[in-house]
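# Build me a model:
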Amino acid sequence: MADEAVSIGGTKSTESYLRGDKILEAAKKTGADAIHPGYGFLSENAHFVEEVTKEGITFIGPPPNAMRALGEKINSKQIAKNAGVSIVPGWVGAIENNDHLLKLANEIGYPVMIKASSGGGGKGQRIAWNDKEAIEGFRFARQEAQSAFASDAILVEKYIQAPRHIEFQVLADNHGNVIYLPERECSIQRRNQKVIEEAPSPFITPEVRKKMGEQAASLARAVGYRNTGTVEFLIEPNHNFYFLEMNTRLQVEHPITEAVTGIDIVEQMIRVAAGQPLSYKQSDVKINGWAMESRVYAEDPLRNFLPSIGRLTRYKEPRAFDGGNWIRIDSGIVEGSEISIYYDPLISKLITTGEDRNTAINRMAYALDSYVVRGLNHNVCFLRDVMENRKFKSGELSTAFIPQEYPEGFKGHVLKEAERKQLVTVTAAVHHLLEVRNRSVSGKLSSFDATPENGTYVVRIGKAADAYTENVNVTALPDRRLRVNGITVDLSAWQLDGPVVLAHIETGNGQVEEVTLQLYEKLDLGYKVQLTGTLYDMQVMNPKEAELTKYMPVSAAVDTTKVVTSPMAGQLISVAVEVGQQVAMGQEICVVEAMKMQNVLRAQRDGVIKAIKAEAGKPVQLDQIIVELA
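Predicted structure coming up:
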């Protein structure tokens, strides 16, 4: 955290982080002699750089001329084309209006990518497969771009289906030195925004790496680039690659490059800004090991990754179980912090390293299992599921990975037989250990079918009558070891009542399985627990309780087709209907915005608008009814 904090305005970025005058005022107030712009907002704004320089303050980043040349995608594509760099087919210029867009899109050929000329991070981007989607995508891309980058300039280009997204970090100083660092693989994306990155790429050969890296460095030289930047490419299975854009700033995912090269990129940025030469030559740059980064977002992957807001009621970052330094977390929040609707939903960047790719993946799985994030929805369950995915493990990646591997959307982790056994076994062991502890405190038996040493339970995964159920016998052994249906479970590494349970299951033949489970909350007849990132309602009952559950009433399903509700907390941007209007299934009803992303809500059936329950321009809550249909 910073040594000193200065308020620079309101909660909206247009009132604060996009106000260069406010930032300069804060710099002068604190006596700062340099400004590092971070990842977004004004980090690629040439005018801001000029204003900083006028005040005699050093800007830690590229000069404004290079930023203007490469910061806007339209300009950078033209420069790359002139420099002989292969670019994605498309219109090198800004779209004027709908007619201009449709003319260009049909000349290029669908599908096309409609995206903001400024900024990055997946904001202001839409894929269109026909004229109707192109017009709608143009509209929302412009609105998002204006909100996020204060510029609504939009370009259109051919959408290359299922490529890999590969990027190279370049470093340049004021003494004529330009180097490139090894590539990052950024193909796992949702809504054109990166979710999982790794370095190096499992796909890039040394020959291709050299060719792409040299093109990246040549592009930087062509504009007299200084400091750090990132050249992004799309690459096809045959290793043909195309320049996508250059981000004239530090990237969110820079830690994985630091991990495999040992080069502190931010340190080099500061050195260059101070007029010093780079500390490394191209021949000094080597790859050592592997690094993975998972972006932990406040979003609900079970609802198509819609943003989530709320207060972090419990937050505990993972640590390496062996005391090593193979886990790194970059975050700006603590327990009690609030995630609002106004900014990107990124909670943290979770990085793991290893001597090879498999080790980095396995360590990421452990880190995700041990990461305690409570109070709002997050994507840890999805990230953890990807770590188990066969194609991901084998390195078969593309930007279409998520829609291809989850064509019906992410529905949660599907338990394998071995995982189901682990879930039942560890939950039963935890429950019995807590029972023994509670009895030793109160002197009472809380279960009439249990003794301090032994317990008989019915364990059910979920609450449905047909849910998987297993009868379990548990015997307590010394030193927090228990025997569960003949299997020994060691819970000595677990701090009682701690949220993370590290269990060792002795499977026989000297083999030991390590299982990391989280206790989420206590339920009436059991616990909500997390295994492999996914939450499960675990019922742990004595036989009599289990017998009585079949008499419990079942709640009737609610008909949601008669209402349009907000899928997330955010702001209602517009309402496209009025009371008494006839609407068809799929027709736009309203637009809700949260965390700089706009979402169109549509009618789920034909009907007539009966009532409008929310006002455009006002906040809406998760599941709040916006429109009722007759």
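
# those strands in the stretch 501-630 of the chain, which residues are they?
Under the criterion DSSP state E, counting those that start in this stretch, the stretch 501-630 of the chain carries strands at the ranges 511-523, 526-531, 534-541, 563-565, 570-575, 582-583, 588-594, 597-602, 607-612, 619-620, 625-629.

# Listing partners with orientation, what would you give for the first one?
Sheet pairing here is set by DSSP bridges, and for strand 511-523 it gives strand 500-508 (antiparallel), strand 526-531 (antiparallel).

# These: which one's closest to K391?
Relative to K391, the nearest member of the strands paired with strand 511-523 by CB to CB is strand 526-531, separated by 22.1 Å. Using the backbone N, CA and C atoms, a C-beta is placed for each residue, glycine as well.

# Now tell me what touches that closest one from outside.
Taking contacts as CB atoms under 8 Å, 6 or more residues apart in numbering, the residues outside strand 526-531 that touch it are 369, 381, 413, 415, 419, 422-423, 427, 430-431, 459-460, 515, 517-521, 535-541.

# give me that answer again for 7 Å
Residues from elsewhere that reach strand 526-531 (CB atoms under 7 Å, 6 or more residues apart in numbering): 419, 423, 427, 517-521, 535-540.

# Output the below-cut-off pLDDT ranges for the stretch 401-550 of the chain.
When residues are selected by pLDDT under 70, those of the stretch 401-550 of the chain lie in 441-452, 465.

# elements contacting the longest helix anywhere in the chain?
Among the elements of type helix in the chain, defined by DSSP state H, the one spanning the most residues is helix 417-442. Of the remaining helices and strands, those touching helix 417-442 by 3 or more CB pairs under 7 Å, 6 or more residues apart in numbering; DSSP states H and E are strand 454-461, strand 469-477, strand 481-484, strand 487-490, strand 500-508, strand 511-523, strand 526-531, strand 534-541.

# Make TSV out of those and add mean neighbour count and distance to K22.
Below are the helices and strands packed on helix 417-442 laid out as TSV (neighbours: other CB atoms under 10 Å; distance: least, CB to CB, whole Å):
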stretch	mean neighbour count	distance to K22
strand 454-461	21	53
strand 469-477	16	60
strand 481-484	20	59
strand 487-490	19	56
strand 500-508	17	41
strand 511-523	16	41
strand 526-531	21	41
strand 534-541	21	41
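
# Among these, single out whichever gets nearest to T53.
Using CB to CB as the criterion, the shortest distance between T53 and the helices and strands packed on helix 417-442 is 48.8 Å, found for strand 500-508.

# which residues touch that closest one?
Applying CB under 7 Å, 6+ apart, the contact partners of strand 500-508 are 370, 372, 422, 425-426, 429-430, 487-491, 493-494, 512-519.

# Redo the helices and strands packed on helix 417-442 as JSON lines? Include distance to H100.
Putting those into JSON lines (distance: least, CB to CB, whole Å) gives the following:
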{"stretch": "strand 454-461", "distance to H100": "56"}
{"stretch": "strand 469-477", "distance to H100": "63"}
{"stretch": "strand 481-484", "distance to H100": "68"}
{"stretch": "strand 487-490", "distance to H100": "66"}
{"stretch": "strand 500-508", "distance to H100": "56"}
{"stretch": "strand 511-523", "distance to H100": "52"}
{"stretch": "strand 526-531", "distance to H100": "50"}
{"stretch": "strand 534-541", "distance to H100": "47"}
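
# Which parts of the stretch 1-150 of the chain are strands?
All strands of the stretch 1-150 of the chain, identified by DSSP E, counting those that start in this stretch, fall at 34-35, 58-59, 112-116, 125-128.

# Could you dump those strands into CSV and include mean neighbour count, mean pLDDT and distance to Y468?
Written out in CSV, the entries for those read as follows (neighbours: other CB atoms under 10 Å; pLDDT from 0 to 100; distance: least, CB to CB, whole Å):
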stretch, mean neighbour count, mean pLDDT, distance to Y468
strand 34-35, 18, 97, 57
strand 58-59, 18, 98, 59
strand 112-116, 26, 93, 44
strand 125-128, 21, 92, 40
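
# Could you save these as CSV and add columns showing distance to K562?
Below are the strands of the stretch 1-150 of the chain laid out as CSV (distance: least, CB to CB, whole Å):
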stretch, distance to K562
strand 34-35, 53
strand 58-59, 55
strand 112-116, 34
strand 125-128, 30
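
# Now do stretch 80-92: distance to the chain's middle.
Using CA atoms, centre = their mean, to the nearest Å, we find the averaged C-alpha position of stretch 80-92 to lie 30 Å away from the chain's own average C-alpha position.

# One more: stretch 608-628?
Between the mean C-alpha location of stretch 608-628 and the chain-wide mean there is a distance of 28 Å, by CA atoms, centre = their mean.

# Mind listing residues that contact that stretch?
Contacts with stretch 608-628, where a contact means CB under 7 Å, 6+ apart, come from 562-566, 568-575, 577-583, 589-590, 592, 629-630.

# Repeat that for stretch 266-286.
Here stretch 266-286 has contacts from 34, 58, 60, 171, 173-175, 177, 179, 181, 226-228, 250, 261, 263, using CB under 7 Å, 6+ apart.

# Just the buried ones from those, in ChimeraX syntax?
With 16 or more other CB atoms under 10 Å as the criterion, this ChimeraX line picks the buried residues out of the contacts of stretch 266-286:
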select :58,60,171,173,174,179,181,226,227,228,250,261,263
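
# Among the contacts of stretch 266-286, which lie within helices?
Taking DSSP H as the definition of helices, those contribute T261.

# now for the helices and strands packed on helix 417-442, which one comes closest to E167?
Ranking the helices and strands packed on helix 417-442 by proximity to E167 (CB to CB) places strand 534-541 first, at 30.8 Å.

# between that closest one and strand 511-523, how many degrees?
Angle of strand 534-541 versus strand 511-523, following axes from the mean of the first three to the mean of the last three CA atoms, to 10 degrees, is 80 degrees.

# Pairing partners for strand 534-541, with directions?
Strand 534-541 has its sheet partners listed here by DSSP bridges as strand 454-461 (antiparallel), strand 526-531 (antiparallel).

# want to try CSV for these, with distance to E107 as columns?
CSV is the format used below for the strands paired with strand 534-541 (distance: least, CB to CB, whole Å):
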stretch, distance to E107
strand 454-461, 55
strand 526-531, 51
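
# So which of those strands is nearest K123?
The closest of these to K123 is strand 526-531. By CB to CB, the value is 30.7 Å.

# Render the CA-only coordinates of the closest one in PDB, please.
As requested, the backbone C-alpha atoms of strand 526-531 are provided in PDB (Å, rounded to 0.1, in the frame of the first residue of the first chain):
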ATOM      1  CA  GLY A 526     -24.300 -30.000   8.000                       C
ATOM      2  CA  TYR A 527     -22.000 -27.600   6.200                       C
ATOM      3  CA  LYS A 528     -21.500 -25.600   3.000                       C
ATOM      4  CA  VAL A 529     -18.100 -26.600   1.900                       C
ATOM      5  CA  GLN A 530     -15.800 -25.800  -1.100                       C
ATOM      6  CA  LEU A 531     -13.900 -28.500  -3.000                       C
END
